[in-house]
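In: missing the sequence, but the structure's below:
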């Protein structure tokens, strides 16, 4: 074999080892949830008997359905509101000219540079002060505006041709109408990118719900699963913990496989961590 | 931007609205209202109105907490009873706090293991994926999978994989004739294990960032190097590495900020133990706030860690950037 072919073969071997290292744990986890508890430690990833016992135990001890619903409501509201209000702000910051606009934009960029952990405690006390512990408001309102979404949308709105906006203005359309009827349809990729980023961040957030929500009925899914694993709800059994974790991962993995390219692009362009 | 003699601003919106504004609520076109001045020199109050919800939210949920964090530094507060002024009490406590020092040390250990490992692995895979290759999209998708999944999922998974007794990794090691590693139960191994988990979870993102960086290297540079008979290593050392520098800065800064926000991994895997060897800054703040109700001190810790991040990132940028020039 010529050296270039050897090199190529070597590259495939290393890449495949990498693929196994990143994918196999998920495959193993999925299979382990169908094993009897005693078998989970065995090296054979395949169950000798397929059983749904782990799932029965999860659903028997924590209201995972309710937690899923809470997460859907919270993540749905956060994503939708961040896109609507983010678009309003981005439109005001890009297509309309007003005194203080640049200053406002600088302030928004500054908020992205302050680590969240500075705000953690005072924000928590503020939300408690509003009486929003154990409520959707406490989980949604602080995060319904998202600076990253504003930035992504603004950078896109700036590039739209002025003729597009002017034509609508001459037709007598108001700015609100221009934004949602003309600018939005022309900005689908930017909306999807911003939406995915907000969605992942919100769906996977666990520290904030752990702080503001103490009542089981209002807990989000990652919170419920984390407490189930840490707090002994699983009684030290691995199967139910893995089953709960798999159920938590499923929605986002499904969304990822459908919008794969967009996910990769949005996370890579923003450089944000999941 | 709008520095003209035009006196109107967002405080006097009514003056900008043409009297002929239709009752439908659709604002009239400002061009018609200002035929003398060029339109862009006018301060359009509607711009401020569009940004207003965001800016009000920002003032309440960012500005106020930021100021309140500074107020809390000088107070003792358990949320239930009124705040008590303690002057520099929290700061004195911070300086003498062994656990704060321990959390900083742990973060340092974590970053020292995590960043080189992450950069090394990400560079290797990015380099291998750069170029014509069948199945590139497949590998990229698989490497990225742990990035999208919740940290809770990843930690529960690795709790089993890294279990001392009956853990999958130790099972494989035993099958290969090795000795079981006390991954999460020994103070010496717990932080390396957490660094491994964090790297496994995040490296896919950095593969993509480096891949983007590699694709920005002009091919002419490599052609010139080939003409001069450079070896593969020389090409890499003198072209690829310097050209990747901006991306390297991004990766180091992002990993550092991520490292300082380490929470889920120790929270689920070790609870900060054994013997506080995996107590992270954020986990310590969480404990101070919610186990002991020390809100003032927790806020002090938050600000201290934030200043530390700024300082570390500043130094890193200097070092990484000067490394090349």
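Out: Everything's here; your move. Quick caveat, the model's predicted, so the values are computed rather than measured.
In: could you check whether the helix or strand bottoming out on mean pLDDT in chain A is close to chain B?
Out: When each helix and strand of chain A is scored by mean pLDDT, DSSP states H and E, helix A:260-270 comes last, with a mean of 73. Yes - using CB under 8 Å from any CB of the partner chain, helix A:260-270 reaches chain B at A:260, A:263-264, A:267-268. All C-beta spots, glycine's among them, are computed from the backbone N, C-alpha and C.
In: What are the buried residues along stretch B:77-90?
Out: B:77, B:83, B:86, B:89-90 (16 or more other CB atoms under 10 Å in any protein chain shown).
In: Narrow those to those in strands?
Out: In strands, judged by DSSP state E, none of the buried residues of stretch B:77-90 are found.
In: possible to save the residues you listed as a markdown table with pLDDT and distance to residue A:82?
Out: Shown next, in a markdown table, are the buried residues of stretch B:77-90 (pLDDT from 0 to 100; distance: CB to CB, whole Å):
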| residue | pLDDT | distance to residue A:82 |
| --- | --- | --- |
| B:77 | 88 | 31 |
| B:83 | 87 | 33 |
| B:86 | 90 | 38 |
| B:89 | 90 | 39 |
| B:90 | 91 | 34 |
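In: closest to residue B:190 among those residues?
Out: Using CB to CB, residue B:90 is the member of those that lies nearest residue B:190, at 29.1 Å.
In: distance of the closest one from chain A?
Out: Look at residue B:90 and chain A: by CB to the nearest CB, to the nearest Å, they are 12 Å apart.
In: can you check residue B:117 too?
Out: With CB to the nearest CB as the criterion, residue B:117 and chain A are 13 Å apart.
In: Name the helix or strand for that residue, please.
Out: Using DSSP states H and E, residue B:117 sits in helix B:98-129.
In: At which residues are the strands of the stretch 151-300 of chain B located?
Out: Read by DSSP state E, counting those that start in this stretch, the stretch 151-300 of chain B holds no strands at all.
In: Closest to the centroid, which residue in chain A?
Out: Central residue check for chain A by CA atoms, centre = their mean: the C-alpha nearest the mean position is that of residue A:200, 1.0 Å away.
In: Which strand or helix spans that residue?
Out: Per DSSP H and E: helix A:188-204 holds residue A:200.
In: who does the helix or strand that that helix is followed by touch, helix- and strand-wise?
Out: Using DSSP H and E, the helix or strand that follows helix A:188-204 in sequence is helix A:207-212. Secondary-structure packing of helix A:207-212 (3 or more CB pairs under 8 Å, 6 or more residues apart in numbering or on different chains; DSSP states H and E): helix A:116-129, helix A:136-140, helix A:221-230, helix B:281-290.
In: can you list the weak-confidence ranges in chain A?
Out: The model of chain A has pLDDT under 70 over residues A:1, A:232-234, A:269-274.
In: Report the contact partners of the residue nearest to the centre of chain A.
Out: A:252, A:263, A:267, A:274, B:148 (CB atoms under 8 Å, 6 or more residues apart in numbering or on different chains).
In: returning to that earlier point: can you lay out the helices and strands packed on helix A:207-212 as a markdown table showing distance to residue B:96 and mean neighbour count?
Out: Listed next are the helices and strands packed on helix A:207-212 as a markdown table, based on distance: least, CB to CB, whole Å; neighbours: other CB atoms under 10 Å in any protein chain shown:
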| stretch | distance to residue B:96 | mean neighbour count |
| --- | --- | --- |
| helix A:116-129 | 21 | 21 |
| helix A:136-140 | 35 | 20 |
| helix A:221-230 | 30 | 25 |
| helix B:281-290 | 15 | 23 |
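In: Of the buried residues of stretch B:77-90, which belong to helices?
Out: Among these, DSSP state H puts B:89-90 in helices.
In: How much space separates residue B:114 from residue B:144?
Out: Distance, residue B:114 to residue B:144, by CB to CB, to the nearest Å: 18 Å.
In: distance between the helix holding residue A:200 and the chain's centre?
Out: 7 Å (CA atoms, centre = their mean, to the nearest Å).
In: how big is the angle separating it from helix A:260-270?
Out: On the basis of axes from the mean of the first three to the mean of the last three CA atoms, to 10 degrees, helix A:188-204 is oriented at 80 degrees to helix A:260-270.
In: Tell me the buried residues in helix A:188-204?
Out: Applying 16+ other CB under 10 Å to helix A:188-204 flags A:190-204 as buried.
In: Can you report how many residues lie near the closest residue in space to residue B:206 that isn't next to it in sequence?
Out: Of all residues not flanking residue B:206 in the chain, residue B:122 sits nearest, at 3.7 Å (CB to CB, 6 or more residues apart in numbering or on different chains). Residue B:122 has 25 neighbouring residues, counting by other CB atoms under 10 Å in any protein chain shown.
In: wait, what's in contact with residue B:122?
Out: Per CB under 8 Å, 6+ apart, neighbours of residue B:122: B:203, B:206-207, B:209-210, B:251.
In: ok so, going back, contact partners of the least confident helix or strand of chain A?
Out: A:148, A:152, A:189, A:192-194, A:196-197, A:200, A:255-256, A:274, B:140-141, B:144, B:147-148, B:205, B:208-209, B:212.
In: on that earlier part again, out of the buried residues of helix A:188-204, who's nearest residue B:70?
Out: So of the buried residues of helix A:188-204, ranked by how close each gets to residue B:70 (CB to CB), first place is residue A:201, at 26.3 Å.
In: State the pair within the buried residues of helix A:188-204 that is farthest apart.
Out: That would be A:190 and A:204, which, of the buried residues of helix A:188-204, are the farthest apart (CB to CB) at 22.0 Å.
In: so does stretch A:62-74 get close to chain B?
Out: No - using CB under 8 Å from any CB, stretch A:62-74 never reaches chain B; the gap is at least 10.3 Å.
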